[in-house]
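Q: Take this sequence and fold it.
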Amino acid sequence: MRKAVLAAVLTVALVATVTYTVRLPAATPRLSFFVIAHTGPGDPFWAVVNKGVTDAGKMLGVRAVFQGPPQRDIPAQVNMARAAINARAAGIAISVSDPPAIGQVIREARGKGIPVVAINVKEPADYKGEPIPYMAYIGMDEYEAGKNVARYLLPKVPQGAKVLIAMHEPGHVGLEARARGIREVLTAERGAKVETLDTTQDPTKSLATMRAFLKANPDTKALFTLGPLGAIPAIKMIREDKLAGKIAMASFDLDATTIQAIKEGLVEATVDQQQYLQGFISVVQLFLYAKYKLEPTDYNTGRGLVTKATAATVESLVKQGYR
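A: Numbering: from 1, shown residues only. Below is the predicted model:
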């Protein structure tokens, strides 16, 4: 009887062991990468970055998450980054929109062994704080792009002219660098009187603010917007107030409204920084580091101009979300 009981116990133990052994191998945990911007996909610009992130995740078979607050909100961006750190991200890409705050959270991530690359906005050349230890920068040189678009508009800017720069996110280091490049070229080459105006991210307020400025300064000859959040209300103003041919306008980044305005001759040009690449390449580089320890490297996504001559070529790609 005791032998029978012992045999039964051994049989149960053996079955349990075999069952446990069969269930033991688990699927390899899916790598998770987080791309964290200072503004979310509600902004037409960041919607394209989001598509790049999503496409890279699908191609690589990893979890790739794009995040950003509805409007520029540095504490919210920092909290998203810390949540990604706590989730044991395999890699983080982040815009350095506020060097002290974002620099600190990047140091926290690197201290825990998490690779980090910067996208869209990098540490400013004149930054006086502790160096920010991101591994690579994937994006456009904002300052040089500002100089480039200002040079393009020079033939439309008379000597000593008044020029408006519409700033929809004051304090954003990337936009400030764009504005600085524009200002330097126009003051050096034309002796222009360049004013920067806080137009906010609210399209209604932006439109009203620009209209009020032009009413007070009817001799303004050129208008620069620094992205779709400024360009879209500015285009509405130029169209409705019949300012085409009276004010030369240029902008940054691509969206359907700006492309159409270029085709109509309301906007002279816009800078194309190919932001799809900022989302796509950042995920690819972080994946290659996580899997094969291939070091991320700086990647200039471009500063070329889209003009009336090239607008039709990129229009379909804008509608598809790639440009």
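
Q: Who does the helix or strand where Lys221 lies pair with, and is each partner parallel or antiparallel?
A: Using DSSP states H and E, Lys221 sits in strand 220-225. Taking DSSP bridges as the criterion, strand 220-225 forms sheet pairs with strand 162-167 (parallel), strand 248-252 (parallel).

Q: Using CSV, write out the CA atom coordinates for that strand.
A: What follows is strand 220-225 as a C-alpha-only set of coordinates in CSV (Å, rounded to 0.1, in the frame of the first residue of the first chain):
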residue,chain,number,x,y,z
THR,A,220,5.4,95.7,-42.5
LYS,A,221,6.9,94.1,-45.6
ALA,A,222,7.6,90.5,-44.5
LEU,A,223,6.1,87.9,-42.1
PHE,A,224,7.8,84.8,-40.8
THR,A,225,5.9,82.1,-39.0
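
Q: least trustworthy helix or strand in this structure by mean pLDDT?
A: helix 2-23 (a mean of 40; mean pLDDT, DSSP states H and E).

Q: next structured bit after that helix?
A: By DSSP H and E, the next helix or strand past helix 2-23 is strand 32-36.

Q: Would you mind checking the average pLDDT for that next one?
A: For strand 32-36, mean pLDDT is 98.

Q: Mind checking what helix or strand follows it in sequence?
A: helix 44-60.

Q: What lies in contact with that next one?
A: Under the contact criterion Cβ atoms under 8 Å, 6 or more residues apart in numbering, helix 44-60 has outside partners 33, 35, 37, 39-41, 63-66, 68, 119-120, 227-228, 253-255, 275-284, 287, 321-323. Where C-beta positions appear, they are placed from N, C-alpha and C, glycine not excepted.

Q: and the angle from it to strand 32-36?
A: With axes from the mean of the first three to the mean of the last three Cα atoms, to 10 degrees as the basis, helix 44-60 and strand 32-36 are set at 170 degrees to each other.

Q: Quick check: buried residues in helix 44-60?
A: 44-57, 60 (16 or more other Cβ atoms under 10 Å).

Q: ok, now which ones touch the residue positioned nearest the centre of the chain?
A: Among the residues of the chain, the one closest to the centroid is Asn120, at 4.5 Å (Cα atoms, centre = their mean). Contacts for Asn120 were tallied using Cβ under 8 Å, 6+ apart; they are Ala37, Val49, Ser95, Ile138, Gly139, Met140, Gly174, Gln275, Gln278.

Q: how near is the residue nearest to Asn217 when sequence neighbours are not counted to Val314?
A: With sequence-adjacent residues excluded and distances taken as Cβ to Cβ, 6 or more residues apart in numbering, Asn217 is closest to Lys162, at 5.8 Å. Going from Lys162 to Val314 by Cβ to Cβ, to the nearest Å gives 31 Å.

Q: how close does Arg110 sit to Ile85?
A: Taken as Cβ to Cβ, the span from Arg110 to Ile85 is 10 Å.

Q: cool, Gly68 as well?
A: From Gly68 over to Ile85 (counting by Cβ to Cβ), the distance is 17 Å.

Q: Between the two, which is the more surrounded one?
A: Neighbour tally, Gly68 and Ile85, criterion other Cβ atoms under 10 Å: the higher count belongs to Gly68, 25 against 19.

Q: For that one, give me its contacts.
A: So Gly68 contacts Ile36, Ala37, His38, Thr39, Gly40, Pro41, Asp43, Trp46, Gln77, Met80 (Cβ under 8 Å, 6+ apart).

Q: if we go to 6 Å?
A: Applying Cβ atoms under 6 Å, 6 or more residues apart in numbering to Gly68 gives the contacts Ala37, Thr39, Gly40, Trp46.

Q: what do you get for Val121?
A: By Cβ under 6 Å, 6+ apart, the contact set of Val121 is Ser95, Val96, Ser97, Val173, Gly174.

Q: of those, closest to Thr297?
A: Val96 (17.2 Å; Cβ to Cβ).

Q: Am I right that the closest one falls within a helix?
A: No. In this structure, Val96 is coil, not part of a helix, as judged by DSSP: H, G, I helix; E, B strand; the rest coil.

Q: the domain parsing of the protein - what is it?
A: The record's domain parsing of the chain by automatic domain parsing lists 32-140+274-301, 142-272.
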